[in-house]
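Enquirer: Dropping the sequence and predicted coords here.
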Amino acid sequence: MFRKISIFGVGLIGGSFALALKKAEAVQEVVGVGRRMETLARAKELGIIDTACDIVADAVIGADLILIAAPVAQTEAILASIAPHLQPGTVVTDAGSTKSDVVVAARKALGDKIGQFVPGHPIAGREQNGPDAAIVDLYVGKKTVLAPLPENIAEDVERVAGAWKRCGAIIHRLTAEEHDRVFAAVSHLPHLLAYALVDDIARKPHADLLFQYAASGFRDFTRIAGSSPEMWRDISLANQTALLGELDAYMEQLASLRALLAERDGKSLESVYANAQRARHNWIKTIEAAEQQNKQGGD
């Protein structure tokens with residue numbers, strides 16, 4: 001049981017965290033901190049938070065756990081505002097989609113209190129944003145990656161892991177560098193591509209006609225382009241090096257496919273498509289097996 005958890009950013013990620021812990025009866029008081037009081041008021045109206053706070057010291061003092069669920073570019077400023085009031089025994093974590101830059105920011109902002117910060121990243125989301133997007137079961141069966149620092153003590157890491165477990169999440173551990181390389185490929189690049197495709201079509205003179213005939217395949221492929229532009233701007237820039245590497249590799253693949261298409265090399269095109277199909281089928285089977293195993297474990 002957490003006595004007090006303070007959440008900086010009470011939208012989809014922070015709000016769903018709060019709702020899940022409340023449902024699990026794992027927290028007595030949730031304090032929300034944000035840039036706009038109207039957002040905090042809405043979060044309180046929805047039962048996400050118990051207290052809306054615009055004074056950082058009041059939010060930090062007495063908190064067992066602090067979650068930063070704001071865009072990653074805001075992490076350093078938030079940690080710097082927390083640092084003067086951070087008491088021994090309080091653990092701070094984050095939900096940012098990049099980790100190397102967050103660790104650098106945390107070391108700069110927290111100084112000798114860096115051991116109280118445990119980097120994290122819940123692998124879950126929706127295209128909606130804000131408190132109204134928060135749902136109680138967002139993290140059930142989903143992975144949460146922790147990237148502990150050498151300065152962290154085991155008890156603090158387990159406190160963060162325990163909170164996510166109470167939300168229904170499955171805990172994985174990576175280094176910050178491993179995390180950023182992995183998610184540049186499987187998350188950050190797909191978002192960049194989805195945004196690029198929709199933007200390209202929207203700029204065409206006959207965009208209305210194209211959108212009129214776009215169906216489920218287009219909708220599924222571009223769903224993530226409905227996510228927060230501010231958040232994904234920050235993520236793209238924060239993970240620039242790894243993302244550029246993945247983008248370059250993808251552009252080489254596109255160039256190769258273009259050449260095959262121009263040469264009408266149907267056999268080679270089909271080979272690429274078939275390899276992708278097999279890989280996706282195997283991936284889905286792995287996911288389904290893991291979900292079944294988790295379900296049996298829960299039963």
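Expert: Cool, the structure landed.

Enquirer: only C-alpha atoms for contact and neighbour calcs from this point on.
Expert: Noted.

Enquirer: Output the longest helix belonging to this protein.
Expert: Among the elements of the chain assigned as helix by DSSP state H, the one spanning the most residues is helix 266-298.

Enquirer: buried residues in that one?
Expert: Going by neighbour count (16 or more other C-alpha atoms under 10 Å), the buried part of helix 266-298 is residue 269.

Enquirer: Ok, stretch 181-194 next?
Expert: 181, 183-185, 188-194.

Enquirer: With secondary structure, pLDDT and distance to residue 95 added, can I get these in JSON lines?
Expert: JSON lines is the format used below for the buried residues of stretch 181-194 (DSSP: H, G, I helix; E, B strand; the rest coil; pLDDT from 0 to 100; distance: C-alpha to C-alpha, whole Å):
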{"residue": "181", "secondary structure": "helix", "pLDDT": "96", "distance to residue 95": "17"}
{"residue": "183", "secondary structure": "helix", "pLDDT": "96", "distance to residue 95": "14"}
{"residue": "184", "secondary structure": "helix", "pLDDT": "97", "distance to residue 95": "16"}
{"residue": "185", "secondary structure": "helix", "pLDDT": "97", "distance to residue 95": "19"}
{"residue": "188", "secondary structure": "helix", "pLDDT": "96", "distance to residue 95": "15"}
{"residue": "189", "secondary structure": "helix", "pLDDT": "98", "distance to residue 95": "19"}
{"residue": "190", "secondary structure": "helix", "pLDDT": "96", "distance to residue 95": "19"}
{"residue": "191", "secondary structure": "helix", "pLDDT": "96", "distance to residue 95": "18"}
{"residue": "192", "secondary structure": "helix", "pLDDT": "97", "distance to residue 95": "20"}
{"residue": "193", "secondary structure": "helix", "pLDDT": "97", "distance to residue 95": "23"}
{"residue": "194", "secondary structure": "helix", "pLDDT": "97", "distance to residue 95": "22"}
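
Enquirer: Which two among those are spaced furthest apart?
Expert: For those, the farthest-apart pair by C-alpha to C-alpha is 181 and 194; their separation is 19.3 Å.

Enquirer: that older thread, just checking, what packs against the longest helix of the chain?
Expert: Helix 266-298 sits against helix 240-262, with contacts defined as 3 or more C-alpha pairs under 8 Å, 6 or more residues apart in numbering; DSSP states H and E.

Enquirer: and the helix it packs on, what's its mean pLDDT?
Expert: The pLDDT scores in helix 240-262 average 97.

Enquirer: follow-up on the earlier one: average pLDDT across the longest helix of the chain?
Expert: The average of the pLDDT scores along helix 266-298 is 88.

Enquirer: Can you tell me the element residue 232 falls in?
Expert: Applying DSSP states H and E as the criterion places residue 232 in helix 229-238.

Enquirer: confidence score at the residue most central in space within the chain?
Expert: Using C-alpha atoms, centre = their mean, the residue of the chain that lies closest to the mean C-alpha position is residue 97, 4.5 Å off. Reading off the confidence values, residue 97 has pLDDT 93.

Enquirer: For it, grab phi and psi.
Expert: Backbone torsions for residue 97, taken as degrees, to the nearest 10, come to phi -80, psi 0.

Enquirer: What segments of this structure are strands?
Expert: Assignment of strands within the chain using DSSP state E yields the ranges 2-8, 27-33, 51-53, 65-68, 91-94, 117-118, 120-122, 143-146, 170-173.

Enquirer: between these, which gets nearest to residue 241?
Expert: Between residue 241 and the strands of the chain, the shortest gap by C-alpha to C-alpha is with strand 120-122, which sits at 19.2 Å.

Enquirer: what's in contact with the closest one?
Expert: When contacts are defined by C-alpha atoms under 8 Å, 6 or more residues apart in numbering, strand 120-122 is touched by residues 93-99, 139, 142-147.

Enquirer: buried stuff in that strand?
Expert: The neighbour-count check on strand 120-122 (16+ other C-alpha under 10 Å) flags 120-122 as buried.

Enquirer: One more: stretch 150-164?
Expert: For stretch 150-164, the buried set under the neighbour-count rule, 16+ other C-alpha under 10 Å, comprises 152, 156-157, 159-161, 163-164.

Enquirer: sorry, back to before: mind giving me CSV with the buried residues of stretch 181-194 and columns for distance to residue 273?
Expert: What follows is these, written out as CSV (distance: C-alpha to C-alpha, whole Å):
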residue, distance to residue 273
181, 25
183, 23
184, 22
185, 19
188, 22
189, 19
190, 18
191, 21
192, 22
193, 18
194, 19
